[in-house]
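Undergrad: Give the three-dimensional model of this entry:
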Amino acid sequence: MKSLPFIDFDLISKHPKIIAGFSDLSALLNPIYERTGMVTLHAPMVINLGTPTDFTLRSLMNAVKGYPEKNLLKGAPCKVYNPGTATGILKGGNLITLTALIDTDWEIDTAGSILFLEDVDEQLHEVDRYLTQWILAGKFKGLKALVLGDFRGIGSRRVFDILASQMEPDFPVVHCPYIGHVANKITLPIGAEVELDTNSKRLEIRNMAFPGGNR
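TA: Numbers count the residues shown, from 1 in each chain. As a prediction, the model looks like this:
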């Protein structure tokens, strides 16, 4: 995050490339989209590709090819915590990293978005504190939908219960364990317009400005 003030977003916009990563890179992927309009990839790091699972490799190659398969959840398990359908801009990543951006120049705009969140090895009271900060900062106002990824050591249901104990979610909420610090990992296009349908358990790309042209 210390590098954010020194990034030339205009230069990135003029020379678009595929930018990918996850976890701490959430602090880079979202601001790049918001300041350039260029889709970035919440995707495995090089270190994760030594012995990738078939699912991870298929999802990554689907992304690199410009997402011929539009359903991002294809082949992945999904639980519905709050039903509904929604369309919005896909944003998100690591909870603790994105929480650190709140009240900075790089805080992500969640209004109108379908937000995905994940974290790893955090204590329950810490996740409670992070989500409380999001609620108090109004980050769930205007949200179209929420996708909870893997929360290793806690479980996504407990994360949803924290949220529901402090507010009444008026948007669809689902859990997909293939998002986060996991072996099977979905490569997600931050900045793509997507539609979530909890009935069919689909998260489908509707429109996106991918490096190399619109898809």
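Undergrad: Extract the C-alpha set from the lengthiest helix in the chain and format it as PDB.
TA: Longest helix in the chain, counting residues (DSSP state H): helix 124-136. Provided in PDB are the C-alpha atoms of helix 124-136 (Å, rounded to 0.1, in the frame of the first residue of the first chain):
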ATOM      1  CA  LEU A 124     -13.400 -13.900  14.900                       C
ATOM      2  CA  HIS A 125     -13.200 -10.700  17.000                       C
ATOM      3  CA  GLU A 126     -10.900  -9.200  14.400                       C
ATOM      4  CA  VAL A 127     -13.200  -9.900  11.500                       C
ATOM      5  CA  ASP A 128     -16.100  -8.600  13.700                       C
ATOM      6  CA  ARG A 129     -14.100  -5.300  14.100                       C
ATOM      7  CA  TYR A 130     -13.300  -5.000  10.400                       C
ATOM      8  CA  LEU A 131     -16.900  -5.600   9.400                       C
ATOM      9  CA  THR A 132     -18.100  -3.100  12.000                       C
ATOM     10  CA  GLN A 133     -15.800  -0.500  10.500                       C
ATOM     11  CA  TRP A 134     -17.300  -1.200   7.000                       C
ATOM     12  CA  ILE A 135     -20.800  -0.800   8.400                       C
ATOM     13  CA  LEU A 136     -20.000   2.400  10.200                       C
END
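Undergrad: in it, what's buried?
TA: Using 16 or more other CB atoms under 10 Å as the test for burial, helix 124-136 gives 127-128, 130-131, 134. Every residue, glycine included, has its C-beta placed from N, CA and C.
Undergrad: which other residues reach it?
TA: Contacts to helix 124-136, defined as CB atoms under 8 Å, 6 or more residues apart in numbering, come from residues 95-96, 99, 102, 119, 122, 140, 151, 154, 158-159, 162-163, 166-167.
Undergrad: returning to what we had before: and the buried residues of helix 124-136 as CSV, adding pLDDT?
TA: As requested, the buried residues of helix 124-136 are exported to CSV (pLDDT from 0 to 100):
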residue, pLDDT
127, 96
128, 96
130, 97
131, 97
134, 97
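Undergrad: where do the strands sit along this protein?
TA: Applying DSSP state E to the chain gives strands spanning 20-21, 40-42, 79-82, 85-94, 113-120, 145-152, 173-175, 188-190, 193-197, 202-207, 209-210, 213-214.
Undergrad: Which elements pack onto the fourth one?
TA: Taking 3 or more CB pairs under 8 Å, 6 or more residues apart in numbering; DSSP states H and E as contact, the helices and strands that strand 85-94 lies on are helix 26-36, strand 113-120, strand 145-152, strand 188-190, strand 193-197.
Undergrad: Generate CSV for those, with mean pLDDT and distance to residue 60 as supplementary columns.
TA: What follows is the helices and strands packed on strand 85-94, written out as CSV (pLDDT from 0 to 100; distance: least, CB to CB, whole Å):
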stretch, mean pLDDT, distance to residue 60
helix 26-36, 96, 15
strand 113-120, 97, 17
strand 145-152, 97, 16
strand 188-190, 98, 11
strand 193-197, 98, 18
